[in-house]
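> let me see the structure of the following:
(2 chains)
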Amino acid sequence: MQALYAQLLVGLINGSFYALLSLGLAVIFGMLNIINFAHGALYMMGAFCAYFLLNIFGLNYWYALIIAPIVVGIFGMVLERTLLKQLAGLDHLYGLLLTFGIALIIQGVFQNYFGSSGLPYAIPPQLQGGMNLGFMFLPVYRGWVVVFSLVVCIATWYLIERTRLGAYLRAATENPNLVRAFGINVPRMITLTYGLGIGLAALAGVLSAPINQVRPLMGADLIIVVFAVVVIGGMGSIMGSIITGFALGVIEGLTKYFYPEASNTVVFVLMVLVLLVKPTGLTGRAT
Amino acid sequence: MSVITDNSASASSGRGVRDEMVAFVIMAALLATVPFTGIYPFFVMQALCFALFACAFNLLIGYGGLLSFGHAMFLGTAGYFTAHALKVWGVSPELGIVIGTAGACALSVVTGWISIRRQGIYFAMITLALSQLVFFVYLQTPFTHGEDGIQGIPQGMLFGLFDLSKPTILYYVILVAFLLAFLLIFRTINSPFGEVLKAIRENEPRAVSLGYKADQYKLMAFILSGTLSGLAGSLKVFVAQNASLTDVHWTMSGEIVLMALIGGLGTVFGPVVGAFIIVAMQQYLAGFGQWVTVIQGAIFVICVLTFRRGIVGEIAALFKRSL
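Numbers count the residues shown, from 1 in each chain, chains lettered A, B, ... in the order given. This is a model prediction of the structure:
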């Protein structure tokens, strides 16, 4: 039973990363009509940013949690202003190809300087140790990751679905020209949205640094799983992305316990099943 | 969907086909003289395998408007099947190629049936995820020998006549296979089937309203593309004499997209040019480690931002010809 709970926890943690990343992908897709292939690379940059902050500037985890998403988010906004912006009006597939190229560049540069092995990042002292919950032993940091991710996801949902800014955003997704006619600076909103999505990815990177080590290719395989998550959930709804992300993480964790051989592939198999039953994804609209 | 493949818009005119036939004869003649020029034949053989792979990929994106980001699964599957059949079962080369290509064909039937349910970006993500699924299956099944791959594959006598361990003979066998497959693709895109495919790419609802079963056409194109990619994978086994996980990995799927993109999506000869450029680049920059990845990424960015028609597409536009 201990092992089952442990795998469930691992599943919840992976689910937090799936949720944070697919949420960012969905927000970006809504505004820019681009599937951001560079998302995994920017997640990796978030983790490296935390590593640099600690080892070069001596700023600890708590600073990294705030600074890394901002720095990487600004980097993302520069990418949007200089490169992605030029694709306006072109086929969506060009966005995929361009961001794939950006991902290759970022990952290649980091691989050149840091190889493929992992750099250690210590768990902050406040979150070390564990709690005995009676039925299982809960490492504090892992519990923190799940709770904090959940809070960030809900906050993002609230921002987009319940605030005035979010209303502008959703309106601009539906009809950018009309929103512009009301005097709202839509290009700036697009840039900020991209920054927000990237910031979420970088935040996931910081959270994962003490668990998964900091590696140049840490986002490369993850992003493919997240794509499958996005296909399963559909990109129509924010809450849908969050729930699908966590649920798939848990299912993956359960698979690791009951049938470990399939734990790498279970998300992809589920994607196939969902496509056979409901091709638009669980929450998706027909596109 | 018309934007990504505007190269092929004028390809159906009579003059276009004549231009392309002339270019094909020139290409075949040039490639036939390679063994006499002192160019390293293994480089050209490898490039020819990738050229065939890129042409098969281009059939799907250029004429069907479907961007597959998982084509490596067909290359790798055929490679593993052929390698296993040759080494473990000891079959003849021709049978090995048939087994490999048939394996890729079967895989493309299943994956095509699943993935054509969605279009555009979703199609790309689904094919990528499916190929990752196939990758993990090969990582875990014993017959692929995991990280080591299948090595030291015997080349054998094709039809009992041609000794494939002799580089010159192997070269001409690969060349003939490439040219035949190229003609098959060329014939397909200029056939009524190809015309309907282009119509679906340009405006699917309209094609459906005219009575064409769009899904069947897309599935046929997917199977043809996957099968020919498999042929490329089977041929590659005789050149490299190994089959490894590299050929099933998503980086390979990305490379083939890059080859078709740099040469010109939706052009007849673009993928061939692109394959030679990328294979040559990997050959000459092999000592630079991961900078090759950075350069490939940079080429992606430059192509998408400034050079969307690709090399052959730009040349064709310059001379107002179809190539």
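> biggest helix in the chain by residues?
With no chain named, the answer covers chain A. helix A:2-32 (DSSP state H).
> let me rephrase: I mean chain B.
Longest helix in chain B, counting by DSSP H: helix B:214-240.
> contacts for the very next helix or strand once past that one?
Scanning forward in sequence from helix B:214-240 by DSSP states H and E, the next helix or strand is strand B:242-243. Contact partners of strand B:242-243, identified using Cβ atoms under 8 Å, 6 or more residues apart in numbering or on different chains, comprise B:76, B:79-80, B:82-84, B:144, B:149-153, B:237. In short, each C-beta sits where N, CA and C put it, glycine included.
> same thing but at 6 Å, please
B:Gly79, B:Tyr80, B:Ala83, B:Gly149, B:Ile150, B:Gln151, B:Val237 (Cβ atoms under 6 Å, 6 or more residues apart in numbering or on different chains).
> what average pLDDT does that strand get?
Throughout strand B:242-243, pLDDT has a mean value of 89.
> now it, how far from the chain's geometric center?
18 Å (Cα atoms, centre = their mean, to the nearest Å).
> from the contact counts, what lies against the next helix or strand after it?
Per DSSP H and E, the first helix or strand lying C-terminal to strand B:242-243 is helix B:250-263. When contacts are defined as 3 or more Cβ pairs under 6 Å, 6 or more residues apart in numbering or on different chains; DSSP states H and E, helix B:250-263 sits against helix B:41-58, helix B:270-284, helix B:291-306, helix B:310-318.
> make it 10 Å
helix A:92-114, helix A:220-233, helix B:41-58, helix B:72-84, helix B:120-140, helix B:270-284, helix B:291-306, helix B:310-318 (3 or more Cβ pairs under 10 Å, 6 or more residues apart in numbering or on different chains; DSSP states H and E).
> so what's the closest residue to B:Val294 other than its chain neighbours up against?
Spatial nearest neighbour of B:Val294, excluding adjacent residues (Cβ to Cβ, 6 or more residues apart in numbering or on different chains): A:Gly108 at 3.6 Å. By Cβ atoms under 10 Å, 6 or more residues apart in numbering or on different chains, the residues touching A:Gly108 are A:Ala41, A:Pro216, B:Gly289, B:Gln290, B:Trp291, B:Val292, B:Thr293, B:Val294, B:Ile295, B:Gln296, B:Gly297, B:Ala298.
> so what's the fourth one closest to, chain neighbours aside?
In space, and not counting its chain neighbours, B:Gln290 is closest to A:Gln111: 4.1 Å by Cβ to Cβ, 6+ apart.
> now swap in B:Ala316 and tell me
B:Leu323 (4.3 Å).
> touching, the one you found and B:Thr267? I think so.
Yes - counting by Cβ atoms under 10 Å, B:Leu323 touches B:Thr267, with 5.8 Å between them.
> so between these two, which is more surrounded?
B:Thr267 (29 against 21; other Cβ atoms under 10 Å in any protein chain shown).
> tell me, how many neighbours does the residue of the stretch 1-150 of chain A found nearest chain B end up with?
Ranked by Cβ to the nearest Cβ, the top residue of the stretch 1-150 of chain A for proximity to chain B is A:Gly101, at 2.6 Å. A count of nearby residues for A:Gly101, using other Cβ under 10 Å, gives 28.
> try B:Ile99
18.
> quick one: which helix or strand includes it?
Here B:Ile99, judged by DSSP H and E, is contained in helix B:93-115.
> other SSEs contacting that helix?
By 3+ Cβ pairs under 10 Å, 6+ apart, helix B:93-115 packs against helix A:266-277, helix B:72-84, helix B:120-140, strand B:157-158, helix B:167-189, helix B:214-240.
> ok, back up a step: of the contacts of A:Gly108, the lowest pLDDT goes to which?
B:Gly289 (77).
> for chain B, what helix or strand is lowest in average pLDDT?
Least confident helix or strand of chain B, by mean pLDDT, DSSP states H and E, is strand B:157-158 with a mean of 79.
> can you list the strands that whichever helix or strand comes after that one pairs with?
Next along the chain after strand B:157-158, taking DSSP H and E as the criterion, comes strand B:162-163. Strand pairing for strand B:162-163, using DSSP bridges, gives strand B:157-158 (antiparallel).
> how far does the strand it pairs with sit from its chain's centre?
On Cα atoms, centre = their mean, the centre of strand B:157-158 falls 24 Å from the chain's centre.
> which phi and psi values does the residue nearest to A:Asn112 when sequence neighbours are not counted adopt?
Of all residues beyond its chain neighbours, the one nearest A:Asn112 is B:Gln290 (4.7 Å), with distances taken as Cβ to Cβ, 6+ apart. Dihedral pair for B:Gln290: phi -70, psi -10, per degrees, to the nearest 10.
> for A:Asn33, same thing?
The phi/psi pair for A:Asn33 (degrees, to the nearest 10) is phi 60, psi 30.
> tally of neighbours for the spatially closest residue to it that is not a sequence neighbour?
Counting by Cβ to Cβ, 6+ apart, A:His92 is the residue found nearest to A:Asn33 once chain neighbours are left out, at 5.5 Å. Each residue near A:His92 was counted by other Cβ under 10 Å, and the total is 20.
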